[in-house]
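Visitor: Just to be clear, the model below is a prediction. Sequence and coordinates:
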Amino acid sequence: MKLNKSIEQGIYVLLILALEKDHRPVKSRVLSGVLGVSDSFLKKLLMTMKNAGIITSDVSKNGGYQLARPITAISLKDVVEALDPATVPELSHLANSVFPDDPAHVQASEQLILAAFDRGFAAFNQKLDQFKLSQLLRPEAYKNGIIDWEKRLN
């Protein structure tokens, strides 16, 4: 499985926001500067995470992006569901070519395939939900935030 680059960027955006001194809002240009990624691409990712309820945004002069809830309450599942949701595969009914004279077998085999994917996604999501992003940080670092990213960037 290849990790979608949006997921990796989303994880580190959230960590940056968790570490921001006094949990102040962080501008997208600061986030893109710290990560070394395109600001226009990052803005799309930020909008997606905002729409998913993971972050908030304030467009005022002193605004920016902030976590919508504590980093201890945000899991890898939250990030994956927001940025690269797993979808149930759409079958093209190739089983009809393999079992042309047995529609009952076609239907049964397709149902078994879809059920296997459902169980796999459920197990995958359960494991991702158990991993909170705060596990990637020291508690003293995210409690009140310790880094002024804008100063560090300049």
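Guide: Yep, that arrived.
Visitor: For residue 62, which non-adjacent residue is closest in space?
Guide: residue 25 (6.9 Å; C-beta to C-beta, 6 or more residues apart in numbering). From N, CA and C alone the C-beta is placed, and that goes for glycine too.
Visitor: Okay, strands next: where are they in this protein?
Guide: 55-58, 64-67 (DSSP state E).
Visitor: Name the stretch among the ones you listed that sits most buried.
Guide: Most buried of the strands of the chain by mean neighbour count (mean count of other C-beta atoms under 10 Å) is strand 64-67; its value is a mean of 22.
Visitor: Counting by contacts, list what that one packs against.
Guide: Applying 3 or more C-beta pairs under 8 Å, 6 or more residues apart in numbering; DSSP states H and E, one finds that strand 64-67 contacts helix 5-19, helix 28-35, strand 55-58.
Visitor: check contacts around the most centrally placed residue in the chain.
Guide: Note on the chain: the residue nearest the mean C-alpha position is residue 79, at 1.8 Å, using C-alpha atoms, centre = their mean. Counting by C-beta atoms under 8 Å, 6 or more residues apart in numbering, residue 79 touches 7, 10, 11, 14, 49, 54, 133.
Visitor: Of all the helices and strands packed on strand 64-67, which one is nearest residue 107?
Guide: helix 5-19 (34.9 Å; C-beta to C-beta).
Visitor: Which of the contacts of residue 79 sits closest to residue 68?
Guide: residue 54 (5.7 Å).
Visitor: and the worst-scoring helix or strand of the chain on mean pLDDT, how far out from the chain's middle?
Guide: None of the helices or strands of the chain scores lower by mean pLDDT, DSSP states H and E than helix 139-142, at a mean of 90. Remark: helix 139-142 is offset 21 Å from the chain centroid, using C-alpha atoms, centre = their mean, to the nearest Å.
Visitor: All set, thanks.
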